[in-house]
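Trainee: Predicted model and sequence follow; I will ask about them next.
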Amino acid sequence: MEIEEYIAQHIDEEGEYLHRLYRATQTQLLYGRMASGHVQGRLLKMFVEMIRPQNILEIGTYSSYSALCMAEGLQDGGMVHTIEIFDELEDFTRPWIENSPWADRVKFYIGDAMEIVPKLGIKFDMAFIDGNKREYVNYYEMVMQHMNPGGFILADNTLWDGHVLEPPAEHDEQTKGIMAFNDFVAKDTRVEKVIVSVRDGISILRKM
Ligand SMILES: C[S@@+](CC[C@H](N)C(=O)[O-])C[C@H]1O[C@@H](n2cnc3c(N)ncnc32)[C@H](O)[C@@H]1O
């Protein structure tokens, strides 16, 4: 048995709504495996319950699976601000957010997070970076400007299926982007940092 399957059998279920969303993501969208899924979704919810953030930023909504998991963990009055650049996803994703039990805790924006976040005028207590892997350093530098001291930045896929261990192929800009981010963060004294090897790796950074 794969370890992820074992974990999935020994943690909370994702619930009926998220289960249906995950299935719809796999059957109706092109890159279903980009969605966080059961194990990572429960972890995100747990992080939210631990951090108890007022405002959460997400870069990269896709089908809204991770946004809804984070919204599920919020206390009353908390808000997930989730941004998706690919406007053709709106017809799929917006109804899943609006028909969910957590609709009043999610604000969904279509556009480039690099342009939208600076205009929001919000200081975040938690951010989940899960957009274009080539842009991780740029997202990070931008997001840092909009985090409260003590806030947590989570960055997804930072082990990139183990590719970070090998020299990247010349045109593999995604692996290069992830490696540049990891190297950058490792030297950044503004944050405490750990990487957990759940799924594809999640970096957890705390702004000091
Ligand atoms: C891995 S998927 C997100 C998966 C989702 N967070 C989850 O875990 O269920 C990455 C998404 O980021 C979006 N994206 C890429 N660059 C972006 C940007 N600059 N601003 C906002 N979204 C972006 C992509 O279009 C894609 O839908």
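Mentor: Great, that's in hand.
Trainee: If you count neighbours, what's buried in the longest strand along the chain?
Mentor: Longest strand in the chain by number of residues, with DSSP state E as the criterion: strand 147-156. For strand 147-156, a neighbour-count test (16 or more other CB atoms under 10 Å) marks 147, 151-156 as buried. No exception for glycine: its C-beta is placed from N, CA and C like everyone else's.
Trainee: Pipe these into JSON lines and attach distance to the ligand and pLDDT per row.
Mentor: Shown next, in JSON lines, are the buried residues of strand 147-156 (distance: CB to the nearest ligand atom, whole Å; pLDDT from 0 to 100):
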{"residue": "Met147", "distance to the ligand": "17", "pLDDT": "98"}
{"residue": "Gly151", "distance to the ligand": "18", "pLDDT": "98"}
{"residue": "Phe152", "distance to the ligand": "16", "pLDDT": "98"}
{"residue": "Ile153", "distance to the ligand": "14", "pLDDT": "99"}
{"residue": "Leu154", "distance to the ligand": "11", "pLDDT": "98"}
{"residue": "Ala155", "distance to the ligand": "11", "pLDDT": "98"}
{"residue": "Asp156", "distance to the ligand": "7", "pLDDT": "98"}
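Trainee: Please identify the pairing partners of the longest strand of the chain and their relative orientation?
Mentor: strand 124-129 (parallel), strand 202-207 (antiparallel) (DSSP bridges).
Trainee: got a list of contacts for that strand?
Mentor: 36, 40, 44, 47, 51, 53, 123-130, 136, 140, 143-144, 181, 185, 191, 200-208 (CB atoms under 8 Å, 6 or more residues apart in numbering).
Trainee: Of those residues, grab the buried ones for ChimeraX.
Mentor: Buried residues among the contacts of strand 147-156 (16+ other CB under 10 Å), as a ChimeraX selection:
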select :36,40,44,47,51,53,124,125,126,127,128,129,130,136,140,143,144,181,185,191,200,201,202,203,204,205,206,207
